[in-house]
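Novice: I need the structure of the sequence given here:
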Amino acid sequence: RFGGAKRFLFNSHLLVCRKSEAEFKKKAAAAVSNSRVYVGNMSWEATADDVRDFMGKAGTVVEVDLLRRRDGKSLGAAIVTYSSKDEAVRAVKEVHDQEHMGRPVMVRED
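Specialist: Model prediction:
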């Protein structure tokens with residue numbers, strides 16, 4: 001049905017890309033509508049400062065909210081707020097699939 005195109009699920013939307021993951025990242029970045037991104041597949045040992053330093057590659061990090069269970073254990077995810085939408089777009093394009101603390105992180109629009 002998709003003519004051999006690759007399919008990616010991004011923020012509950014099916015994106016169909018005929019060329020590569022680079023095209024997927026471009027489409028995903030276009031979908032970012034605010035300055036917040038979700039960062040998943042992180043190490044459970046990652047601290048807010050670790051995430052701030054790592055995500056700072058894409059711009060000025062204003063806030064890092066580590067997601068935790070009720071018992072305080074890490075969920076391995078965070079919401080990162082940048083100072084501008086452009087920086088959030090840059091994070092989706094450049095930081096997605098980069099390795100942090102031994103794990104390839106997933107970055108998408110929040």
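Novice: relative to the whole chain's centre, how far out is stretch 77-86?
Specialist: Stretch 77-86 has its C-alpha centroid displaced from the chain centroid by 9 Å (C-alpha atoms, centre = their mean, to the nearest Å).
Novice: quick check: end-to-end length of it?
Specialist: End-to-end distance of stretch 77-86 (C-alpha to C-alpha, to the nearest Å): 22 Å.
Novice: and what of stretch 98-108?
Specialist: Taking C-alpha to C-alpha, the first and last residues of stretch 98-108 lie 13 Å apart.
Novice: residue 50 should be in a helix, yeah?
Specialist: Yes - applying DSSP: H, G, I helix; E, B strand; the rest coil, one finds residue 50 inside a helix.
Novice: OK, contacts around the closest residue to it other than its chain neighbours?
Specialist: In this structure, residue 50 finds its nearest non-sequential neighbour in residue 101, 6.9 Å apart by C-beta to C-beta, 6 or more residues apart in numbering. Using the backbone N, CA and C atoms, a C-beta is placed for each residue, glycine as well. Going by C-beta atoms under 8 Å, 6 or more residues apart in numbering, residue 101 touches 42, 43, 45, 46, 50.
Novice: cool, thanks, talk later.
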